[in-house]
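Asks: Need a 3D model of the sequence below.
(2 chains)
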Amino acid sequence: MSAVTSDSQHLRHRLAGFGRTLISPRGAVFLLLIVLLIAITVLNPSFAEPSQFVRFVQRVAPVAIVAIGQYFVIVGGEFDLSMGSVVTAQVVIAGNLIGQDESKSIPVLLFMLAFGAFVGLVNGLIVSFLKVPSFIATLGMMLALLGATLYWTGGAATGNPADGFRQIGRGGIRDLPVIGVLPWSVVILVVLLVIAIWFARRPFGRSIIALGDNPTTARYSGARTWWVKTSTFVISSLSATVAGVLLVGYAGVHPSVGRGYEFTAITAVVLGGVVLGGGRGWVVAAAAGAFALEALFTLLNFAGVPSTYRDAVQGAIIILAVAYAATTIRARRRGRALETSPAPEAKEPDPSEDPARPAPIPSTLRADNETKGGS
Amino acid sequence: MRRRFTVASAMVGAFALMTLAGCTTDPNVGSPTDETAPAEEEVEWFDQELFDKQDAERGVAPEGPEDQPWLQYINAEMVDTSAFASEGAKKACFANASISNPWRQTGWITMNQQLRVLQEAGVISEMETRDAQDSDDTQIADIDYFIDEGNCDIFIISPNSTAAMTPAVERACDTGKPVVVFDRGVQTDCPVTFIHPIGGFAWGIDTAEFLIDELEEGDKVVALRILPGVDVLEQRWAAAEKLFDEAGIEAVDYFTGADPTEIKKIISDELAKGDVQGVWMDAGDGAVAAIEAFEDAGVDYPVMTGEDEMSFLRKWKETGLTGLAPVYSNFQWRTPLLAAQKIFAGEEIPKEWVLPQSPITAGEVDQYLEANDGMPDGHYAKFGGEDLPGYPQQWQDRIIP
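Replies: As a prediction, this is how the structure comes out:
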């Protein structure tokens, strides 16, 4: 690409690239999200007001954060089904241990993070060393945590923790122009997303993807696979912990908080074009998948779909969206990979110029190798 | 490779369905009594005869000891139990549907304290309890276990669902031992007595009439419902929906699973759509999240009906909103054991033991808040255990037996 080529050509190239990305599997989720947001705005124009939109982002934040955590596990070739229970357990821990004593907020918060990391560590070690499939290991963890929570609470809500602690999920920076309130959840989501993007590009992040793509080559290339794998579970449990902290603020303590989050997160990640089994996917698309799911929920609320068949409508749309992503992946495989083209010209100085284009992941064999060994 | 994607899509499809059908994994689901088409839901659950009966019972002064509502009864037809009269301490077998919500937990604590009194009095030797954890299948197995191996002198059953439990209850009756059913009903009159508060329609009438009085025609009410398919809950909504409809109140209903996150999202969306003047709940669990959604949106508090759960009463008092706390009398958990005492004494008891059920009004909130000072948020104000041993510590600590 010579410097003489004009901006207009460059722009056209970018637009074409953007268009192609949108209908590509990785872009499908952004397309879906845009369609949903437009549909919501048509039904309820006030949704497009900045203050309303920020509120929307606030409530998606916990789901998106859980999806980011799940992304690392899935792209590394495993599943984490224990996330929802970790959220539930953390919510209950916050409610029971902090109580109305605000001074306990920091110690309990630290304890929750340690507990989250511990759960992830146990999951990771079981999967790595006892060779239990992650689907089963984390399912067991899910049941164990749910059982412990049930035992502790008897299955009913205890009191909410102190208001100061709940401000993390409920409050924000007030009196701002245009948006009014900037919720802390939104700030935390943005920070975590940026860290996740950065982390995914670091050598360690790439070795996670390499591990998901082909564990054998990853091992031969010198990665400490057990540690890479375990760390993905620690990341996901920590993200579930953060989500729990936000949810206890946003909504309050109830043993049903977090229920189904693991499946919502997996759905969001797959909706974002991340391949189950690992090796391929972009963390931003996974977060966008979470946004699309929540937008769908909001759309059905606004459209006034009767409560009795709301779930059915929601389920059908999700299946169609994922099926679309899956078929475009197949079509693209047969045609030619779009994603290979940016990689050779990856000398572009500004990687952020095209927000919808995934980060090149040079450490893996890019060209959709059919010989892939990882399952 | 291709197979992988097919498998992946199928798995995600399954995940999505499991997630979205979340309510079916919810422990409280009871199978609907008959096949229901969603569109006919209101027709299905609305029962004019029962509606009129419960509407009338609301106005009846109950008979029985004045300061012991758990022994009062409304419009009772008494039955003779002298055939069961017997000396000595008896073994009670209790097949419980679950203790998975704060209402059942509160009642369960009260029941255990009542048991202690009767054990000391030498009426009951022991009570063996099986918790079905919201599963019909488990409860059927529990009842059959009691019949075969329980060595029970009396069966106490709190059914998980109406239709599914009927045959098992009939089998228990066939043993010739007394059977006491309470809370949710069964479709047989073989039990000696069926104990329950007035019912779901009365709840619906009390709450809907309150909202209709406080609101104008054309105002909007958001109805937050726990889950579909449980008769006591469906009847609450069936009655309220009918009255809202007649009064020209716009009411939209949602299933929340009592999840405060869902509740908050629903209210936020409704507030983004337009003004909401009223909130109706079929159970108070999660009421605080609903109120907080109004606070966070910076709009006026709605007129609201919750339940006599402490969290709602406290938030009601704190915010000063216009509210009503309907009551599904929690003290009914004492009655089955006291009924057992009467049965073994051969005393007359009501065949259908309808306990009083009256909402807590704005004028009574202070009194109930004061009486239950120090109780946890999940406690129910009308738990009726003030005269039992261990009061108030047992309920304050809320250690589930």
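
Asks: isn't there a strand covering residue A:175?
Replies: Yes. Inclusion of residue A:175 in a strand is indicated when DSSP: H, G, I helix; E, B strand; the rest coil is applied.

Asks: any idea how far it lies from residue A:181?
Replies: 8 Å (Cβ to Cβ, to the nearest Å). Backbone N, C-alpha and C define where each C-beta goes, glycine included.

Asks: Could you do residue A:13 as well?
Replies: Computed as Cβ to Cβ, the residue A:13 to residue A:181 distance reads 40 Å.

Asks: More neighbours: which of those two?
Replies: Taking neighbours as other Cβ atoms under 10 Å in any protein chain shown, residue A:13 and residue A:181 compare with residue A:181 leading, 18 against 13.

Asks: What is the burial count for the closest residue to chain A within the stretch 151-300 of chain B?
Replies: The stretch 151-300 of chain B approaches chain A most closely through residue B:260 (3.6 Å), counting by Cβ to the nearest Cβ. Per other Cβ under 10 Å, the neighbour tally for residue B:260 reads 28.

Asks: close enough to count as contact, it and residue B:293?
Replies: No. Contact criterion Cβ atoms under 8 Å: residue B:260 and residue B:293 do not qualify, at 9.5 Å.

Asks: And the residue most central in space within chain A, which helix or strand is it part of?
Replies: Ranked by distance to the mean C-alpha position of chain A (Cα atoms, centre = their mean), the top residue is residue A:67 at 2.0 Å. According to DSSP states H and E, residue A:67 maps onto helix A:50-75.

Asks: mind checking how far residue B:400 is from residue B:376?
Replies: Separation of residue B:400 from residue B:376 (Cβ to Cβ): 12 Å.

Asks: How about residue A:70?
Replies: 34 Å.

Asks: what about the two, which has more around it?
Replies: Neighbour comparison, residue A:70 and residue B:376: the larger count goes to residue A:70, with 33 against 19 (by other Cβ under 10 Å).

Asks: What's the separation between the more buried one and residue B:106?
Replies: Residue A:70 is 37 Å from residue B:106, by Cβ to Cβ.

Asks: Which residues are in contact with residue A:264?
Replies: By Cβ atoms under 8 Å, 6 or more residues apart in numbering or on different chains, residue A:264 lies in contact with A:63, A:66-67, A:290, A:293, B:19.

Asks: hang on, the earlier thing: measure how far the helix holding residue A:67 is from the centre of its chain, please.
Replies: A distance of 6 Å separates the C-alpha centroid of helix A:50-75 from that of its chain, computed with Cα atoms, centre = their mean, to the nearest Å.

Asks: Okay, buried residues for it please.
Replies: A:52-75 (16 or more other Cβ atoms under 10 Å in any protein chain shown).

Asks: Stretch B:106-123 - what's its average pLDDT?
Replies: Mean per-residue pLDDT for stretch B:106-123: 95.

Asks: Over to stretch B:228-242?
Replies: Across stretch B:228-242, the average pLDDT comes to 88.

Asks: cool, stretch B:303-321 as well?
Replies: Rounded mean pLDDT across stretch B:303-321 is 94.

Asks: do the same with stretch A:60-67
Replies: 95.

Asks: contact partners of that stretch?
Replies: The contact list for stretch A:60-67, computed with Cβ under 8 Å, 6+ apart, reads A:83, A:87, A:169, A:183, A:185-186, A:188-189, A:192-193, A:239-240, A:242-244, A:246-247, A:250, A:261-262, A:264-265, A:268-269, A:272, A:286-287, A:289-291, A:293-294, B:261.

Asks: burial of the nearest residue to residue A:159 once chain neighbours are set aside, as a residue count?
Replies: Nearest residue to residue A:159, sequence neighbours excluded (Cβ to Cβ, 6 or more residues apart in numbering or on different chains): residue B:377, at 4.4 Å. Using other Cβ under 10 Å, residue B:377 has 22 neighbouring residues.

Asks: I'd say residue B:377 and residue B:310 touch.
Replies: Yes. Assessed by Cβ under 8 Å, residue B:377 is found in contact with residue B:310 at 5.2 Å.

Asks: now residue B:246: how far from residue B:277?
Replies: Here residue B:246 is placed at a distance of 17 Å from residue B:277 (Cβ to Cβ).

Asks: circling back to that earlier point, which among the contacts of stretch A:60-67 count as buried?
Replies: The neighbour count (16+ other Cβ under 10 Å) marks A:83, A:87, A:169, A:183, A:185-186, A:188-189, A:192-193, A:239-240, A:242-244, A:246-247, A:250, A:261-262, A:264-265, A:268-269, A:272, A:286-287, A:289-291, A:293-294, B:261 as buried among those.

Asks: is it true that residue A:115 touches residue A:94?
Replies: No. With contact defined as Cβ under 8 Å, residue A:115 does not reach residue A:94; the gap is 10.9 Å.

Asks: Okay, strands next: where are they in the stretch 151-300 of chain A?
Replies: Assigned by DSSP state E, counting those that start in this stretch, the stretch 151-300 of chain A shows strands spanning A:172-176, A:180-183.

Asks: For the residue nearest to the spatial centre of chain B, which non-adjacent residue is spatially closest?
Replies: With distances taken as Cα atoms, centre = their mean, residue B:328 lies nearest the centre of chain B, 5.9 Å away. Leaving aside its chain neighbours, residue B:328 sits nearest to residue B:197 (5.8 Å; criterion: Cβ to Cβ, 6+ apart).

Asks: Next up, phi/psi of the one you found, please.
Replies: Here is the backbone geometry of residue B:197 (degrees, to the nearest 10): phi -70, psi 180.

Asks: Could you list the low-pLDDT ranges of the chain?
Replies: Here I'm looking at chain A. Within chain A, the stretches with pLDDT under 70 are A:1-8, A:21-26, A:154-158, A:325, A:328-375.

Asks: you looked at the wrong chain, it should be chain B
Replies: Using pLDDT under 70, chain B drops low at B:1-43.

Asks: and with 80 instead?
Replies: Scanning chain B for pLDDT under 80 picks out the ranges B:1-44, B:229-231, B:399-401.

Asks: anything in whichever helix in chain A runs longest near chain B?
Replies: The longest helix of chain A (DSSP state H) is helix A:307-334. Yes. Judged by Cβ under 8 Å from any Cβ of the partner chain, helix A:307-334 comes into contact with chain B through A:307-312, A:314-315, A:318-319, A:322-323, A:326, A:329-330, A:333.
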